[in-house]
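A.B. asks: sequence? don't have it. structure:
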């Protein structure tokens, strides 16, 4: 079976802020709605940072705007909590404005298990993001409960990949692109042997990093313009997981990825796992 996921992220609705052209968000969401109606995916996933945060009252209003833009969609939907979504709002306030829970959850659809991992996205001042033990335990328990090929969706990427050339995260916000202990999430993912794809947003560019056969794919922001100066790139796309994985992101900063799908419980060779020195006699 093939699972088809329409994906959008980092909408940043609100005032224009730097290269995040938030005033373009709602018109671009209209385009996304039309795309979903035409493509007919099995699932719509929005990966967080719906708003350009400001103050609690404004953020509640902006979040309600985005919720209203998604409401007419008849397709099954999932939404992830981003760091801008809960900067001025507590998690419960963001849930009330969006009209849904931001607890982690998962579902089985078209022969696949899809995890919406609402791991911690509150910034620890300039220290960045850190995964608490409770989030890691939740992911391990969820993966232990399925035998299906699994897709893990998060806001913050889990690959800790290079940010060289990234407008935000190479210099100005260096160290804030990933979880400081992202290796612990990857340990859980790799030990499970079930994850075939990880999808995320947050870093405002299209990126791929494959680790132990698992593709970690990051999707460009809907309203970002650092790669398309002066214009919001209008990024959103379709991810198809079948015998292969096909990722097609449109807009002014398009990308097309055609990736092999790893077999369950298959692993790359590892010096730690396969070539560790023998214990002393």
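C.D. replies: Good, I have the coordinates. In this text, all values refer to a predicted model and were calculated from it rather than measured experimentally. Numbering: from 1, shown residues only.

A.B. asks: got a list of what residue 84 touches?
C.D. replies: 12, 48-53 (Cβ atoms under 8 Å, 6 or more residues apart in numbering). Where C-beta positions appear, they are placed from N, C-alpha and C, glycine not excepted.

A.B. asks: now for the residues you listed, which pair is the farthest apart?
C.D. replies: 48 and 52 (13.1 Å; Cβ to Cβ).

A.B. asks: if we can go back for a sec, make a markdown table out of the contacts of residue 84 and add pLDDT, secondary structure and neighbour count.
C.D. replies: Below are these laid out as a markdown table (pLDDT from 0 to 100; DSSP: H, G, I helix; E, B strand; the rest coil; neighbours: other Cβ atoms under 10 Å):
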| residue | pLDDT | secondary structure | neighbour count |
| --- | --- | --- | --- |
| 12 | 98 | coil | 30 |
| 48 | 97 | coil | 25 |
| 49 | 98 | coil | 28 |
| 50 | 98 | coil | 34 |
| 51 | 98 | strand | 27 |
| 52 | 96 | coil | 24 |
| 53 | 94 | coil | 22 |
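
A.B. asks: what about the strands in the stretch 101-250 of the chain?
C.D. replies: Using DSSP state E, counting those that start in this stretch, the strands of the stretch 101-250 of the chain run over 105-109, 112-116, 150-153, 195-200, 207-211, 214-218, 237-241, 244-249.

A.B. asks: closest to residue 166 out of those?
C.D. replies: Comparing those by Cβ to Cβ, strand 207-211 comes nearest, at 8.9 Å.

A.B. asks: Dump the contacts of residue 84 to CSV, plus distance to residue 162.
C.D. replies: As requested, these are exported to CSV (distance: Cβ to Cβ, whole Å):
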residue, distance to residue 162
12, 23
48, 22
49, 21
50, 27
51, 28
52, 26
53, 27
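
A.B. asks: which of those residues lies closest to residue 203?
C.D. replies: Using Cβ to Cβ, the contacts of residue 84 come closest to residue 203 at residue 49, 10.5 Å.

A.B. asks: Quick check: that closest one touching residue 82?
C.D. replies: Yes: assessed by Cβ atoms under 8 Å, residue 49 is found in contact with residue 82 at 3.4 Å.

A.B. asks: Common neighbours of the two, please.
C.D. replies: 10, 155, 201-202.

A.B. asks: Show me the two of those residues that sit farthest apart.
C.D. replies: Between all members of the shared contacts of residue 49 and residue 82, the farthest pair (by Cβ to Cβ) comes out as 10 and 155, at 8.7 Å.

A.B. asks: what touches both of the two?
C.D. replies: Common neighbours of residue 10 and residue 155 (Cβ under 8 Å, 6+ apart) are 47-49, 82, 201-202.

A.B. asks: Which member of those is positioned nearest residue 131?
C.D. replies: Nearest to residue 131 among the shared contacts of residue 10 and residue 155, with distances taken as Cβ to Cβ, is residue 202, at 14.1 Å.

A.B. asks: Let me see the ranges of the helices in the stretch 1-150 of the chain.
C.D. replies: 25-39, 56-70, 91-98, 133-144 (DSSP state H, counting those that start in this stretch).

A.B. asks: how about those in TSV, adding mean neighbour count, distance to residue 107 and mean pLDDT?
C.D. replies: Listed next are the helices of the stretch 1-150 of the chain as TSV, based on neighbours: other Cβ atoms under 10 Å; distance: least, Cβ to Cβ, whole Å; pLDDT from 0 to 100:
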stretch	mean neighbour count	distance to residue 107	mean pLDDT
helix 25-39	16	18	98
helix 56-70	18	17	98
helix 91-98	18	18	96
helix 133-144	16	11	98
